[in-house]
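>>> I would like the atomic coordinates for the input below:
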Amino acid sequence: MMRTPESTLLRVYHKRLQRAAPSQGHASRTVKWGRKSSRATVGRLVGMAGWVGLFVATSLVVQAHGQSQIPTGAQSATTNTAGQRTSIATECNKAVVGSPYIPVDSWIYPAVLRLYSMGFVDHVFVGMRPWTRKNVIEILSDVDGRLADSSPSSTTDQAQQIQDALKHELKPDIVDPCAGPPKYLRLESAYLVFRGISGTPLGDSFHLGSTEVNDYGRPYENGLNNYSGLSGYVTAGRYTLYARAEFQGAPSATGYSSALSNELSAIDQTLYTDPTTGRTTYYYPQATIPMGPISSTEHGRVMEAYISANVWNHEISFGKVDQWLGPAQGASFAYSNNAENIYAFEINRVEPLRIPLLSNITGPFRYEFLVGPLHGHLFMPNPPYEANPSPDIPNVINPGDPWVHLEKLSFRPTANLEFGFERTAIWGGEGHGPITLHTFLKSFFSTTAPGGPGSTGPNEKNGRNDPGARFGAFDFSYRLPFLRKWLTLYADGEVHDDVSPIAAPRRAAWRSGLYLSHVPGVPKLDFRAEGVYTDPPVSTSNGGHFMYWEFIQKQGYTNNGQIFGDWIGREDKGGQAWITYHLSGNEWIQVSARNQKAAKDFIATPTTEYGTTLNDLNVQVVKRIRQNFEVNGSFTLEHYKAPIYLPAQQTVTTTNIQLTWYPNRKVDF
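Next up is the predicted model:
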């Protein structure tokens, strides 16, 4: 019987697996735009989706013509008793199979990346996450072959442990596309998190820093915080419905004083002069400034929720989906889980694409497009403009809830090298510019500065024709020569108002790192270190007015108050390091350290430069009980100095205990 390579791959892996496996008070916020309801938001997304279909049309045509047609009755040759060749007609109507994304905080990612860095798998797009469960199943089929060809060693033992753990986790999602469209329901996880904090934590990634990072913007304060959640999904052929929701509880807190809020607002340039009194003041509440008093939190929040369809190896989805668009472990400049996810329309090429001739140079590649509204951006009218409208002055101090779109393209020209380009634009917003197909297209295609070719004039950014705050990113990951199975070098960069960090490296922010997959003589131990800065040596990087900020979009690269890129912030330097001892494929003991230092000219008043410094040390232990129950405990000791906020060095301790159940069953229907 003739089968496609993908069908054969899944069948073989299915059999191997069977042999190996053992017998917020705002769950859904309404998007408002003046007097228009959320229907307008959906209308805008649908309108943009229709046009953005062109974004992938070329690759779809190439793919459609490049694939051989799968006959309904494929012919399989056999030999009869007379030694003559005969053929038997068999049928395999290969089903299109959708698959849910794996949350970016899952243990699966560091496990697969360790396999990649040890040389047991090549076909991994490190800088484009999340991956689907089907993606990882296909990756593991490569590991089977590498393990079979490897001589017994301590490194091979480590890889086998990771492989076994991943197989157990992904067992319910192994399907045979020749058996018809799969239809099943699965509870992915159920978890409880208890977080005890002693001291006054920081929770302000846009200014002073954060005690907890890459945590989906969860609320936390001094005292006992708790989060309990469920995640699960339904698949039916090409369609997937996924949901992850949790209840969140956090104590009340004093928060920032009115004086400090005023000083931070001055840094952000969101102050205004009241024309009637002549007094300079600030708009509030601003989600980026946690002004007190802060009420206790007891609410539910949708962490992820989306419906998707697999169309020619693209997952086309609408809803909340995790993103991590960089190769580093500590953060990603373009998009991470440091803030709450946004509701967005997304087209994601989840399977690598090869184009004849072109891919001989670039190798296979993937791409992604996303568009949706940001929240927590306060509409701040500009009194001088309202008194005397003029194209020479901005029509707002800050737009309310603008939209964001991003595009990323990643290539793998060799088995050891991956590089990618990304672009983000934040445009429109209440009082500044409407969200329409026209303004989206202008923002999407804009590559020039206001006043340049194609612009509507030198004051274009002041009004509705503003193409938006634009950021470009570049990243790469490279397994080093002579140390291919040991050492991986990677970097992630982003620049404001330039096409790419490569075009303007001195104006760019960078996060670079090295990963040693196993220490010589101690194969269970790995080491990773990263350095990061958002304070390039240029005059424009001053006062926090460059990275993640713009003079129109003053609340910048944030969603609901937190930066949705790198937690390092707007004008900071720092680094992270991790030493991990692996007890098994999904159990470990880890010690890590983190440093963050904000520039003195950023955190300052007109008379005094302050800056901030934060250092923390963390110990984490992850242990499984009977494979499906995980206990994850950690303790963090943090010291920080933020004299603009509190006069002396502050000490904060954080104890986390997370209990997670991973049911390894599904219900077919």
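>>> what's the span of stretch 169-180, first residue to last?
23 Å (Cα to Cα, to the nearest Å).
>>> ok, and for that stretch, which residues are buried?
169, 170, 171, 172, 173, 174, 175, 176, 177, 178 (16 or more other Cβ atoms under 10 Å). No exception for glycine: its C-beta is placed from N, CA and C like everyone else's.
>>> Report the lowest-confidence entry in those residues.
The lowest pLDDT within those belongs to residue 177, which sits at 77.
>>> I'd say that one and residue 97 touch.
Yes: look at residue 177 against residue 97 with Cβ atoms under 8 Å: they come within range, at 5.5 Å.
>>> What's the local residue count around residue 643?
15 (other Cβ atoms under 10 Å).
>>> I figured it hits residue 610, correct?
Yes: using Cβ under 8 Å, residue 643 is in contact with residue 610, at 5.0 Å.
>>> Let's verify residue 315: helix, strand, or coil?
Secondary structure, DSSP: H, G, I helix; E, B strand; the rest coil: residue 315 is strand.
>>> can you check residue 144 too?
Three-state assignment for residue 144 (three-state DSSP): helix.
>>> From residue 334, how far out is it?
33 Å (Cβ to Cβ, to the nearest Å).
>>> can you check residue 279 too?
40 Å.
>>> Look at these two and report which has more neighbours.
residue 334 (27 against 9).
>>> was I right about that one contacting residue 565?
Yes: counting by Cβ under 8 Å, residue 334 does reach residue 565; the two are 6.3 Å apart.
>>> what's the overlap in contacts for those two?
Residues touching both residue 334 and residue 565 by Cβ atoms under 8 Å, 6 or more residues apart in numbering: residue 494.
>>> Spit out the contact partners of residue 418.
125, 126, 127, 327, 410, 411, 412, 476, 477, 478.
>>> Can you tell me the element it falls in?
strand 417-427 (DSSP states H and E).
>>> Residue 359 now?
Assigning secondary structure by DSSP H and E places residue 359 in helix 358-362.
>>> immediately after that helix, which helix or strand?
Per DSSP H and E, helix 358-362 leads on to strand 365-373 as the next helix or strand towards the C-terminus.
>>> Identify all contacting residues around the helix or strand following that next one.
Per DSSP H and E, the first helix or strand lying C-terminal to strand 365-373 is strand 380-381. Residues from elsewhere that reach strand 380-381 (Cβ under 8 Å, 6+ apart): 270, 272, 283, 396, 397, 398, 400, 431, 554.
>>> Tabulate these in a markdown table, adding columns for secondary structure, distance to residue 187 and pLDDT.
Converted to a markdown table, these look like this (DSSP: H, G, I helix; E, B strand; the rest coil; distance: Cβ to Cβ, whole Å; pLDDT from 0 to 100):
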| residue | secondary structure | distance to residue 187 | pLDDT |
| --- | --- | --- | --- |
| 270 | coil | 45 | 92 |
| 272 | strand | 51 | 79 |
| 283 | coil | 44 | 83 |
| 396 | strand | 46 | 95 |
| 397 | strand | 47 | 95 |
| 398 | strand | 42 | 96 |
| 400 | strand | 39 | 96 |
| 431 | coil | 44 | 95 |
| 554 | coil | 43 | 96 |
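>>> Tell me which other helices or strands the helix or strand that the strand holding residue 418 is followed by touches.
Tracing the chain C-terminally past strand 417-427 and defining elements by DSSP H and E, one meets helix 437-445 next. Helix 437-445 sits against helix 38-52, strand 403-411, strand 417-427, with contacts defined as 3 or more Cβ pairs under 8 Å, 6 or more residues apart in numbering; DSSP states H and E.
>>> which of these has the lowest average pLDDT?
Across the helices and strands packed on helix 437-445, helix 38-52 gives the lowest mean pLDDT, at a mean of 48.
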